[in-house]
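>>> need the 3D shape of this:
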Amino acid sequence: MDNNFTVTAAFVTAFAAIVAPTITALIHSIKEYKISKMNSTIVKRLELCEIFTDAYSSCQYGTEKCGFALAFYKKSLKLATVCHRRSVRRSLFLLANEVLQNGASKDTDKLYEHCIQLLSKEF
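Residues are numbered from 1 along each chain as shown. Predicted structure coming up:
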């Protein structure tokens, strides 16, 4: 009697029994890594948004506007580096340059509100 089919089926079953849990564990660990990375990224972005907001309010009410404008410029560029959308980065650059050159004004307030709206969509 020929046992080739039985032996082949046994090897395939044994191979599947070894490989399937390994692949499942690999997929699970990749998903866990992505979730933890996303959580830490969101926390970092929220911290940068809070710093961005505080720096902009300092530009408006500070007596030393040039120093505050430069600090705001640096913080807004740091926030732009973690944003994925091009429109958000472009708006942040525009606002940062405007505040650095002219200081905070009603025009920059509108740009700031636009940036906040875009940032809310980013997260």
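>>> helices or strands next to the strand or helix carrying Val43 in the packing?
For Val43, the host element (DSSP states H and E) is helix 4-61. Secondary-structure packing of helix 4-61 (3 or more CB pairs under 8 Å, 6 or more residues apart in numbering; DSSP states H and E): helix 65-81, helix 106-122. Bear in mind the C-beta positions are built from the backbone N, C-alpha and C, glycine included.
>>> how about 6 Å then?
Counting contacts by 3 or more CB pairs under 6 Å, 6 or more residues apart in numbering; DSSP states H and E, helix 4-61 is packed against helix 65-81.
>>> after the helix it packs on, next one along is what?
helix 86-102.
>>> and the angle for that next one with helix 4-61?
Angle, helix 86-102 to helix 4-61, by axes from the mean of the first three to the mean of the last three CA atoms, to 10 degrees: 20 degrees.
>>> sketch out the low-pLDDT regions of this protein for me.
1-2, 60-67 (pLDDT under 70).
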